[in-house]
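> Mind folding the following:
(chains A, B, C and D)
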2 protein chains.
Amino acid sequence: MFGTSERAGKGGSADKRPASTAVRDETAAHLRSPHAGASSSCKTCSLRPVCAVNPDELACSQQMEDLVLGYRQVKKGEALFRVGDPFTNLYAIRTGSFKKVTLLADGREQVTGFHVSGESLGTDGIAAAQYASDAIALEDSSVCVMPFDLLEWLSREVDAVRHHVFRMLSAQLVRESNSMMLLTMTADERVAAFLLDLSRRWQARSYSPSAFALRMTREETGSFLGLKLETVSRTLSRFQKQGLVQVRGKDVRILDFAGLIEVAHHPSSS
Amino acid sequence: MFGTSERAGKGGSADKRPASTAVRDETAAHLRSPHAGASSSCKTCSLRPVCAVNPDELACSQQMEDLVLGYRQVKKGEALFRVGDPFTNLYAIRTGSFKKVTLLADGREQVTGFHVSGESLGTDGIAAAQYASDAIALEDSSVCVMPFDLLEWLSREVDAVRHHVFRMLSAQLVRESNSMMLLTMTADERVAAFLLDLSRRWQARSYSPSAFALRMTREETGSFLGLKLETVSRTLSRFQKQGLVQVRGKDVRILDFAGLIEVAHHPSSS
DNA sequence: CGCGCACTTGACAGAGGTCAATCTCCGTGG
DNA sequence: CCACGGAGATTGACCTCTGTCAAGTGCGCG
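Numbering: from 1, shown residues only, chains lettered A, B, ... in the order given. Coordinates of the predicted model:
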């Protein structure tokens, strides 16, 4: 695993860029070169405005080009990584979406997050040098593969990269702790807040904030929100009766944002 | 705030250590010198084995001594920082304990975490250059003050520091996402898991894992666990009747670890 | 085209919330 | 030193929300 190169640098030596050959060999078969396709460069990537890894301030850095080792396709239902897999790479989602799943001590499993294009995966693996959750594709998806030892090296050499990694990790902390708010919320509030969160994220990607598809099942949604699938279904149906949304299977259209926000923020109002 | 010095370094200049005068001036009145007291050095600090900021691998680094600008006392009920305060420092708890509190959109507030000696505070402020929660002392407490621009500088110069900050942030991510597990747990499971978590953290600090004081009120405990204070109280009383614990006000003694673990892991068993 | 999985909807039960009364500390001041 | 007051904790009665169980529907994928 990457422990060797990691601890070797103590004291400030290791000025040479790590070759990262182990990673390259290990995953080469699954990867497509980043310099093959059309939007193969971070600079020209259409996701740049929202990408958690490559914001504008990093675009000037020539080295960022080299960070993305390649791309990897993940088919619907397949795992990008699983709990306990040795941590080697961070990933940025290019297309598609993922769920993060964690196993409880007694065997039950819980969805701990949903992630869409431009968001990063794998950061929970840094701490213990192995991933702390499963990352499962909700649809056929593709990710940018970024070997962590390269990111480490860039973090030392380029101030902007280091700053950005710090901020990215901290931002994730804030987001996760926000989802603790679910604990004190009723089922209505949880579902409303969930829809508004998805809406906001689609909007940031220049998609319609009012019409989108729920790529996850009702059961996965319920697991994430701490509800049973029947409750999710019932709540959506009621929201529809109240004219807040229009739901047809996985397709959702938000009809009344103000009303939905009202529900998300108020414990007991219709 | 620290934005200026942060972005100034872009490109790899700024080899001189930042003076951090702004921070020093701003807070000097509240601080005691780190080189005054007995355990004023990270090297001799009794918390070193558990300190999230200064583990063994960093102890060799002479520069770590300079990271701690000073100490700050926080009286019971007072805030170390509040939501929106400009982010300048990370903190390591020396003595005492804190709760982190976040405000919901409708005004209700939720406890998002409890922290004891050796744990770090303020990491949620890196992302947006302002703190994302209130940190309130649960008892008279003291913290080590670490200006983030100094930590930033050390992160560039010393590989071990950078590695460690990455790991510390990632470990926090894992811990926070573990607390999402509460969503699928019953009240019994939540309270049992809460007691076991506190026990584990006290044990790591060489205190008794079976007898300790709950510094937080039932209401704060409930807020953190997503329960009402009455439910927390009732659950503790029932655990006592079942011989799992002995509770007298804030003092807790765990009598049956195996039983408590059983409750924490099983949805519906006595 | 039809099988199966996901979803919807209903009836019921139970976990936890709400409201309220009472108790136990502890600090404060007479 | 004790009386008092107030915050926190406990306990009970009741009720609501959500989980559970079950039946039925529809859509997607082979």
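> Close to DNA strand C: what parts of the stretch 151-270 of chain A are there?
With C-beta under 7 Å from any atom of the strand as the criterion, the stretch 151-270 of chain A meets DNA strand C at residues A:214, A:217-219, A:229-230, A:232-234, A:236-237, A:247, A:249-250, A:267. Just so you know, the C-beta spots here come from the backbone N, C-alpha and C atoms, and that holds for glycine as well.
> Where does confidence bottom out across those residues?
On pLDDT alone, residue A:267 ranks lowest of these, at 65.
> returning to what we had before: can you name the two of the residues of the stretch 151-270 of chain A next to DNA strand C that sit furthest apart?
Greatest spatial distance among those (C-beta to C-beta): A:249 and A:267, at 29.4 Å.
> ok, these two, which is more surrounded?
With neighbours defined as other C-beta atoms under 10 Å in any protein chain shown, residue A:249 and residue A:267 compare such that residue A:267 has more, 13 against 7.
> For chain A, which segments count as helices?
Taking DSSP state H to define them, one finds helices in chain A at A:3-8, A:21-27, A:56-59, A:64-67, A:148-157, A:159-178, A:187-204, A:218-225, A:229-241, A:257-265.
> Enumerate the positions of the last one that are buried.
Read it as helix A:257-265. Within helix A:257-265, the residues that qualify as buried are A:259-260, A:263-265, counting by 16 or more other C-beta atoms under 10 Å in any protein chain shown.
> Nearest residue to the middle of chain A?
residue A:115 (3.5 Å; C-alpha atoms, centre = their mean).
> Any idea what it is bridged to?
residue A:98 (DSSP bridges).
> What pLDDT does the model give it?
96.
> how about it, what does it touch?
Contacts for residue A:115 (C-beta atoms under 8 Å, 6 or more residues apart in numbering or on different chains) come out as A:93, A:97-100, A:121, A:135.
> do you know how far it is from residue A:137?
Separation of residue A:115 from residue A:137 (C-beta to C-beta, to the nearest Å): 10 Å.
> Same question for residue A:76.
According to C-beta to C-beta, residue A:76 stands 6 Å off from residue A:137.
> Which one's more surrounded, these two?
Ranked by neighbour count (other C-beta under 10 Å), residue A:76 and residue A:137 place residue A:137 first, with 22 against 13.
> give me the number of residues near the residue nearest to that one when sequence neighbours are not counted?
Leaving aside its sequence neighbours, residue A:137 sits nearest to residue A:74 (C-beta to C-beta, 6 or more residues apart in numbering or on different chains; 4.2 Å). Using other C-beta under 10 Å, residue A:74 has 24 neighbouring residues.
> Need the overlap of contacts for residue A:115 and residue A:137.
A:97-98.
> Break chain A down into its domains, please.
Following automatic domain parsing, chain A resolves into domains at A:3-179, A:185-265.
> Any part of the longest one near DNA strand D?
No. Taking C-beta under 7 Å from any atom of the strand as the criterion, domain A:3-179 and DNA strand D are apart, separated by no less than 8.5 Å.
> cool, and the last one?
Yes. Between domain A:185-265 and DNA strand D, judged by C-beta under 7 Å from any atom of the strand, the touching residues are A:186-188, A:226-228, A:230-231, A:249.
> All set now, cheers.
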